[in-house]
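# Model the following, please.
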Amino acid sequence: VISAVTPEMLSEENIKYFYNELGCKTAVGMPFKDLATSDSIFLRSLPPKENVAARTALRRLVEVSTGIIVPAEELEKDPLPYAVALMDLDE
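Presented below is the predicted three-dimensional model:
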């Protein structure tokens with residue numbers, strides 16, 4: 001299952017709800033996968049490096065084996081470790 005994620009979902013006040021929206025269980029604020037958890041998320045744009053809360057939320061998802069798919073041009077502008085680049089077949 002791939003879930004589309006908007007920038008608003010990654011705002012600092014929404015992070016705890018963000019994990020629930022993806023089907024993650026949480027323990028002490030840390031997400032972990034369950035049977036109903038999204039396998040990957042799709043972001044049209046990445047949060048800037050200055051947005052520490054959003055970047056931390058994404059890092060925590062990677063740590064529990066959730067894939068992060070981002071258009072290649074976005075990753076070139078602002079890399080995110082372990083993210084998967086989305087490319088057109090023409091490229």
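# Which helix or strand contains the residue lying closest to residue 9 once chain neighbours are set aside?
Spatial nearest neighbour of residue 9, excluding adjacent residues (Cβ to Cβ, 6 or more residues apart in numbering): residue 18 at 5.0 Å. (Each C-beta comes from the backbone N, C-alpha and C, glycine too.) Using DSSP states H and E, residue 18 maps to helix 15-21.
# contacts for that helix?
Here helix 15-21 makes contact (Cβ atoms under 8 Å, 6 or more residues apart in numbering) with 3, 5, 9, 10, 26, 29, 31, 53, 54, 57.
# Please pick the buried ones from these.
5, 9, 10, 31, 54, 57 (16 or more other Cβ atoms under 10 Å).
# Flag every buried residue along the helix holding residue 18.
Buried-residue list, helix 15-21, by 16+ other Cβ under 10 Å: 15, 18, 19.
# Dump those into CSV; add pLDDT and distance to residue 82 as well.
Below are those laid out as CSV (pLDDT from 0 to 100; distance: Cβ to Cβ, whole Å):
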residue, pLDDT, distance to residue 82
15, 86, 19
18, 91, 18
19, 90, 18
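# ok, so of those residues, who is nearest residue 74?
Nearest to residue 74 among those is residue 18, at 19.0 Å by Cβ to Cβ.
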